[in-house]
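Engineer: I need the structure of the sequence given here:
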Amino acid sequence: MTKKQKIRVCPRCGSSKIREAKTSVSGWLVPTTYYCSDEACGYSGPVYVEVEPDEAEHLRRVINGNED
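Structural biologist: This is a model prediction of the structure:
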């Protein structure tokens, strides 16, 4: 059984454009901060959502209130 690769998505907008802010003390002295580079979102915080790639679009629709 092979394990599927998971992707990180923004907890605010569901975009996969979430990145880790690298600093010299991240994860050691202070929690790692993640930011969403989607222009309409601007999320910044210590939390992200990790999903399988085939679930990402459904999660994005749920977060944005466009669930089928």
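Engineer: and the residue nearest in space to the middle of the chain, what are its bridge partners?
Structural biologist: Nearest to the geometric centre of the chain sits Val9, at 2.5 Å (CA atoms, centre = their mean). Legend: beta-bridge partners of Val9 under DSSP bridges are Val49.
Engineer: My guess is it contacts Glu55. True?
Structural biologist: No - the criterion here is CB atoms under 8 Å, and Val9 misses it with Glu55 at 9.2 Å. Just so you know, the C-beta spots here come from the backbone N, C-alpha and C atoms, and that holds for glycine as well.
Engineer: Between the two ends of stretch 13-21, how far is it?
Structural biologist: This stretch, stretch 13-21, spans 18 Å end to end (CA to CA, to the nearest Å).
Engineer: do the same with stretch 19-30
Structural biologist: 17 Å.
Engineer: Show the residue spans covered by the helices in the chain.
Structural biologist: With DSSP state H as the criterion, the chain has helices at 53-63.
Engineer: Scan the helices and strands of it for the one with the lowest mean pLDDT.
Structural biologist: Between all helices and strands in the chain, the lowest mean by mean pLDDT, DSSP states H and E belongs to helix 53-63, at a mean of 88.
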